[in-house]
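> The following comprises the amino acid sequence and a computationally predicted model.
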Amino acid sequence: MIKTQKKLPEIQSKLYINGEWREGSLDAKAVINPATGEQLIEVSQGGKAETEEAIQAAKEAFPKWSGMELSERVKILHRIGDLIEENIDRLALIMTLEQGKPLSEAKGEIQTNISNMHWNAEEARRVYGETIPAPNNHKYEVKKQAVGVVGAITPWNFPSNMIVRKIAPAISAGATVVLKPATNTPLSAIAIFELFEEAGLPAGVANLVMGPASEIGKALTESDDVRKLTFTGSTEVGKQLYKQSGDTLKKISLELGGHAPFIVFEDAPIEKTVNALVQMKFRNNGQACTAPNRIFVEESIKEEFTEQLKEAVKKVTVGNGLDDVTVGPLIDEAARENIEAQLADAKEKGAEILLGGERLTDGEYAKGFFFEPTLIDQVDQKMNIFYEETFGPVIPLIAFNDEEHVIEMANDSTFGLASYTFTQDLRRAEKVSRALEYGMVGVNNTGVSQAEAPFGGMKHSGLGRENGHYGINEFLETKFVHTSYFID
Ligand code: NAP
């Protein structure tokens, strides 16, 4: 039984363009609670016309916003951070209802928003230029200026933070934004935009358009007024947007898929490593681009490691995120089918299911998209699960015997986002972290996403970085000014 019944708080359901909440021209779309299958609300939808209006609004707002007295801009940004903090319970509840993750995790995500907002508010004061030694009577200056109008497209898995992680640095830099959130999770976006309005963010600085992805995506990429596109989502869509942006030569940031290796050497403390793995793997029920997806364990400790891991996975509880559970449902039926297909392929090629492996359909699970926490062994490079991103509660185990070979296997991926290695040998930690072809490496920890530090991938995991001073830089242009003084 679902123990906690909580209703969706009062919330807007419209597009937000030029500081006004307004209906879109297309049919409204239902938002579904993935734990219960129930409709939460219907949300307005717009297409090309609304996106173009939003771009125009952002274009008109840009000179005023980028030219605003810096201390005023910073004050508004901090005010947004404060309002997010004041509304943390409301924002978390909305997220759990539309996305499914446990309330405690949803709150954790909102906490990250607060850090991102305040970090970027302060970073706005540190957009430093440069002077370069020049010939006598000349001055070489490098200036950083806001890029202009930004198009932003975000996914459903971190439906609030993926938005704040883009909009906070963009508006801190002085840019203006048109956002298209994921269709499954528009409410977390709306709830943040309500706070933008309350904080006094001027009309047109941040605009919100929900609607058909390809139509809005095309309007954003084809517009010459949009000077920067920032996208988080699948590699497939990211590549398409990259191509589409070619004709208008936009700056572009792509935060795409991942397939993180998690390497456990024989000198790693087993219990601590198991705990770190289980915590990271089941965060958001495995629906994270940074989720450990290929677990390489040194043969000599594999049996002991697997036993402890089994016991830890058995303790993972599944249910409605409003209750006190470790994991909620998956986002939709397609997500379950993808996992089933990967498991069927792995089983056929010799993998052994140690725990789980099935969808959950009885009783309270009947109407949601639930899946058993799953542990599989004997995974190898013949199987799709070794190469395809796994977006669910599945831990695949792979044995290894030597350092060179495990590095080679870990790098045998088109993805290059997060990676993890556990060892007490500093020499090895240094060697492995250098050799991993990944944008982020966790050595004896999994905390690769921090407001202060660059987040992003190599290879097919994307381009550019979010967070830290790298994040705001993505929304700045570099201008060189050479002045001469006519002095003889
Ligand atoms: P997705 O299908 O690529 O969707 C992401 C966003 O793109 C959604 O807003 C979606 O809209 C939109 N979209 C889809 N097709 C589009 C098109 N043709 N033109 C323009 N926009 C389009 O990805 P997802 O399934 O939501 O998210 C999961 C993926 O995101 C995973 O691969 C995960 O690894 C990745 N991810 C990466 C990071 C990172 O920082 N690297 C972080 C989180 C997630 P609709 O919702 O309307 O389809």
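Nice, I can see it.

> Write out the residues of the stretch 51-200 of the chain neighbouring the ligand.
Ile153, Thr154, Pro155, Trp156, Asn157, Phe158, Met162, Lys180, Ala182, Thr183, Asn184 (Cβ under 6 Å from any ligand atom). Placement of C-beta: from N, CA and C, glycine included.

> Pull the number of nearby residues for the nearest residue to the second one once chain neighbours are set aside.
So that's Thr154. Excluding the flanking residues, the one nearest Thr154 by Cβ to Cβ, 6 or more residues apart in numbering is Met162, at 4.2 Å. Residues within reach of Met162, counting by other Cβ atoms under 10 Å, total 28.

> roughly how far apart are Met162 and Ile132?
37 Å (Cβ to Cβ, to the nearest Å).

> ditto for Asn285
51 Å.

> ok, those two, which is more surrounded?
Neighbours per residue (other Cβ under 10 Å) separate Asn285 from Ile132, with Asn285 holding more: 31 against 10.

> Check which residues of stretch 76-93 are buried.
For stretch 76-93, a neighbour-count test (16 or more other Cβ atoms under 10 Å) marks 76-81, 83-84, 87-88, 90-93 as buried.

> Return the subset of those lying in strands.
In this view, the buried residues of stretch 76-93 have no member that belongs to strands under DSSP state E.

> can I get those in a markdown table with distance to Ala124?
Formatted as a markdown table, the buried residues of stretch 76-93 follow (distance: Cβ to Cβ, whole Å):
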| residue | distance to Ala124 |
| --- | --- |
| Ile76 | 10 |
| Leu77 | 7 |
| His78 | 10 |
| Arg79 | 13 |
| Ile80 | 12 |
| Gly81 | 12 |
| Leu83 | 18 |
| Ile84 | 17 |
| Asn87 | 23 |
| Ile88 | 23 |
| Arg90 | 27 |
| Leu91 | 23 |
| Ala92 | 27 |
| Leu93 | 31 |
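
> Name only those of the residues of the stretch 51-200 of the chain next to the ligand that count as buried.
Ile153, Thr154, Pro155, Trp156, Asn157, Phe158, Met162, Lys180, Ala182, Asn184.

> Using the three-state scheme, assign the closest residue to Pro396 other than its chain neighbours.
Spatial nearest neighbour of Pro396, excluding adjacent residues (Cβ to Cβ, 6+ apart): Val379 at 4.1 Å. What DSSP: H, G, I helix; E, B strand; the rest coil gives for Val379 is coil.

> likewise the one 10 residues further on?
Three-state secondary structure (criterion: three-state DSSP) places Glu389 in coil.

> Next up, the contacts around it.
By Cβ atoms under 8 Å, 6 or more residues apart in numbering, Glu389 lies in contact with Thr235, Gly257, Gly258, His259, Cys289, Asn293, Phe415.

> Apply 7 Å and report the result again.
The contact partners of Glu389, taken as Cβ atoms under 7 Å, 6 or more residues apart in numbering, are Gly257, Gly258, His259, Asn293, Phe415.

> and if you look at Pro202?
Ala61, Lys64, Trp65.

> buried subset of the residues you listed?
By 16+ other Cβ under 10 Å, those give Ala61, Trp65 as buried.

> Next step: the contacts of Pro202 restricted to helices.
Counting by DSSP state H, the contacts of Pro202 place Ala61, Lys64, Trp65 in helices.

> returning to what we had before: mind putting the residues of the stretch 51-200 of the chain next to the ligand in TSV, secondary structure and pLDDT included?
What follows is these, written out as TSV (DSSP: H, G, I helix; E, B strand; the rest coil; pLDDT from 0 to 100):
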residue	secondary structure	pLDDT
Ile153	strand	99
Thr154	coil	98
Pro155	coil	98
Trp156	coil	98
Asn157	coil	98
Phe158	coil	98
Met162	helix	98
Lys180	strand	98
Ala182	coil	98
Thr183	coil	98
Asn184	coil	98
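
> Low-confidence stretches in the protein?
Residue ranges of the chain with pLDDT under 70: 1-5.

> Helices of the stretch 201-350 of the chain, start to end?
For the stretch 201-350 of the chain, the helices defined by DSSP state H, counting those that start in this stretch cover 213-222, 235-244, 270-281, 299-314, 333-348.

> what's the nearest residue to Lys314 if we skip its chain neighbours?
Leu355 (6.9 Å).

> from what I can see Arg22 touches Lys14, true?
Yes - with contact defined as Cβ atoms under 7 Å, Arg22 reaches Lys14; the gap is 5.6 Å.
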